[in-house]
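Engineer: 3D model of this:
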Amino acid sequence: MQTTQLNKSRSTKILDAVFILGGLVILILFTTVYLMPFRMDDVLHMDWAREHYDVLQRDPHRKVFLIERPEGMQALRQTLLAKEAVYYTGLLVKDANKKAKKSLEKSIRSYIQRETSWRPVRDEEVDFSLEIHFGQLYARLIYGRESVREKLDSLENSWKHVL
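Structural biologist: A predicted model of the protein is given here:
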């Protein structure tokens with residue numbers, strides 16, 4: 001019985017070593033042959049970037065810039081300074097969430113009343129924030145443990161349905 005455990009322990013160690021060596025080979029391959037500098041923050045952001053990149057499948061000029069890195073920032077600068085460059089960006093102003101919530105107060109109340117089962121009383125807060133997803137602006141409403149995300153243009157027009 002002890003021999004069986006010793007063999008399992010030995011085979012586990014061998015498999016662990018093979019796994020680690022395989023990972024190192026892949027890392028070396030990507031950083032030398034494919035010339036891809038490897039950083040952990042790249043891995044953390046790549047799923048998000050890949051999702052956005054895949055949405056634009058028909059655009060032959062699509063690019064993802066890792067602007068946290070000098071070479072990514074340089075590539076972005078070159079693209080922005082190109083004579084025939086067309087690019088899209090989203091910028092939020094200071095206190096954008098607070099300003100948007102104030103201007104959409106009527107629409108938010110109407111939306112909550114019509115589209116949710118939420119019934120906040122006067123002193124209860126419904127949290128509001130703006131989000132950008134695939135270039136579309138969304139409003140996120142949070143009440144207690146529940147959350148709803150709605151396109152901002154739909155929310156802006158929601159109070160008109162009541163009239």
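Engineer: how about the helices of the protein, start to end?
Structural biologist: Using DSSP state H, the helices of the chain run over 2-32, 40-55, 70-81, 96-103, 105-115, 152-156.
Engineer: For the fourth one, which residues meet the burial criterion?
Structural biologist: Read it as helix 96-103. For helix 96-103, a neighbour-count test (16 or more other CB atoms under 10 Å) marks Ala100, Lys101 as buried. The C-beta positions use only the backbone N, C-alpha and C, and glycine is treated the same way.
Engineer: now do the third one
Structural biologist: For helix 70-81, the neighbour count (16+ other CB under 10 Å) marks Ala75 as buried.
Engineer: Same question for the last one.
Structural biologist: When burial is assessed from 16+ other CB under 10 Å, helix 152-156 yields the following buried residues: Leu152, Leu155, Glu156.
Engineer: and Ile142, what does it touch?
Structural biologist: The contact partners of Ile142, by CB atoms under 8 Å, 6 or more residues apart in numbering, come to Val126, Asp127, Phe128, Ser129, Val148.
Engineer: Could you rerun that using 7 Å?
Structural biologist: When the contact criterion is CB atoms under 7 Å, 6 or more residues apart in numbering, the partners of Ile142 are Val126, Asp127.
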